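A.B. asks: sharing a model that was predicted from the sequence below.
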Amino acid sequence: MDGHGLVTGILKNAVERVVIRKYRDRTNYWGRYRNLFSGLMIARGFASNGAKVYITGRHLEVLQQAARQNFEGLGEIYPIRMDVTLKEDILSVVDNIKKTDGKLDILVNNAAIDGPKLRSSFTDEAKPKTQSFAEYGRELFDVQSFEDWGTVAQVNVAAYFFVTMAFLELLVASTKGKEDSTATVINVTSGGGTYKLSLGYFAYACLKAAATHLTMQIATDFSLKQIPVRVNAIAPGIFPSRLTTSSQEELEEYTKTPMSYLSPIPRRRPGREHEMVALAVYLASDASGYTHGQEIFIDGGLLGVNP
């Protein structure tokens with residue numbers, strides 16, 4: 001999903017029967033589906049547990065291919081085109097789901113772009129010491145524009161706000177007639193918003209930090225207004241995606257050596273699909289009914305050794 005995941009079927013007792021099959025042994029998403037990997041993992045996990053899932057993004061043909069991927073379970077995945085930076089697109093999907101389902105139990109905000117970067121990949125070990133300080137500063141100045149930063153802000157932060165507010169009516173509608181019931185918003189942020197190292201992605205890291213703060217603000221606002229919607233965030237570390245590395249081999253190497261980080265990932269491997277799915281299903285289910293306004297890291301311990 002290069003956009004968002006909209007889930008209309010509640011995951012009843014999902015944690016007790018969550019499907020956490022290790023798809024990595026059977027499916028290689030690298031290549032065709034790298035642009036939507038984390039969102040696709042969550043969508044497949046929800047559908048495997050019986051949910052009706054809408055996946056959205058700008059490229060309908062990519063979404064259609066993703067929706068045809070096999071998974072075990074009783075749920076369904078429906079692709080819908082939506083550009084999360086266009087209000088008219090967002091409202092069109094809201095109207096569509098309102099007419100079809102009348103409610104929305106779970107909203108996953110997953111849109112992200114990496115934006116301008118200094119290095120071509122994470123494995124480029126270029127350091128400022130190979131340049132004069134002036135050359136280093138000028139390279140950072142020249143490689144990006146104010147417009148680049150604005151685009152990242154629109155997709156990685158503002159879209160989360162506008163999509164959440166547009167769907168708030170349908171989220172609240174899912175709680176009607178249910179005692180002590182809440183709808184759920186899950187924002188996919190990033191460990192990059194907390195790590196002090198930029199890895200050359202200054203705009204991406206800063207604006208992922210903003211997405212984390214936005215999550216807390218919305219959660220607090222909803223709490224004070226007694227809106228029955230829980231808002232939490234998942235902050236992934238290194239999982240396969242177009243935002244990490246350019247190949248599976250590079251990804252594996254990146255998790256075992258420090259490279260651009262101070263220390264390698266303690267688990268010495270990238271994250272796996274069933275691990276992302278289990279956390280997302282937990283946050284979407286009644287088992288997390290007492291969890292609100294939290295960001296949960298799933299990074300194999302990377303944050304602990306890279307402050």
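C.D. replies: Okay, I see it.
A.B. asks: can you show me the helices along the protein?
C.D. replies: Secondary structure of the chain (DSSP state H): helices at 37-48, 60-67, 87-100, 133-142, 146-153, 159-166, 168-173, 202-224, 248-256, 273-284, 302-305.
A.B. asks: residues contacting the last one, please?
C.D. replies: Defining contact as C-beta atoms under 8 Å, 6 or more residues apart in numbering, one finds that helix 302-305 is touched by Gly191, Thr194, Tyr195, Gly237, Ile238, Tyr261, Leu262, Ser263, Pro264, Ile265, Pro266, Phe297. C-betas here are computed from N, CA, C, even on glycine.
A.B. asks: beta partners of the last one?
C.D. replies: Counting by DSSP bridges, Phe297 is bridged to Ala235.
A.B. asks: related to what we said a few turns ago, so which of the helices of the chain is the most packed in?
C.D. replies: Stretch with highest mean neighbour count among the helices of the chain: helix 37-48 (a mean of 27; mean count of other C-beta atoms under 10 Å).
A.B. asks: below-threshold pLDDT in the stretch 1-150 of the chain: ranges please.
C.D. replies: 1-37, 70, 119-131 (pLDDT under 70).
A.B. asks: rerun at 90
C.D. replies: Along the stretch 1-150 of the chain, the model assigns pLDDT under 90 to residues 1-41, 49, 62, 65-75, 114, 116-140, 143.
A.B. asks: ignoring the adjacent residues along the chain, who's closest to Ser263?
C.D. replies: Excluding its sequence neighbours, the residue lying closest to Ser263 (C-beta to C-beta, 6 or more residues apart in numbering) is Val305, at 3.9 Å.
A.B. asks: and the gap between that neighbour and Lys208?
C.D. replies: 19 Å (C-beta to C-beta, to the nearest Å).
A.B. asks: same question for Trp149.
C.D. replies: Shown here: Trp149 relative to Lys208, a distance of 13 Å by C-beta to C-beta.
A.B. asks: cool, Gly289 as well?
C.D. replies: 27 Å.
A.B. asks: again with Gly304
C.D. replies: From Gly304 across to Lys208, the span is 18 Å (C-beta to C-beta).
A.B. asks: wait, what's in contact with Ala203?
C.D. replies: By C-beta under 8 Å, 6+ apart, the contact list for Ala203 reads Gly115, Pro116, Gln144, Asp148, Trp149, Val152, Ala153.
A.B. asks: my error: substitute Asn109 in the last question.
C.D. replies: His4, Ala159, Tyr160, Val163, Thr164, Val185, Ile186, Asn187, Val188.
A.B. asks: pretty sure the last one contacts Ser38?
C.D. replies: Read that as Val188. Yes. Using C-beta atoms under 8 Å, Val188 makes contact with Ser38 at a distance of 6.0 Å.
A.B. asks: which residues are common contacts for these two?
C.D. replies: Counting by C-beta under 8 Å, 6+ apart, the contacts common to Val188 and Ser38 are Asn110, Pro236.
A.B. asks: where does the stretch 201-307 of the chain have low pLDDT?
C.D. replies: Scanning the stretch 201-307 of the chain for pLDDT under 90 picks out 201, 237-274, 299-307.
A.B. asks: hmm, try it at 80
C.D. replies: Applying pLDDT under 80 to the stretch 201-307 of the chain flags residues 240-270, 301, 303-307.
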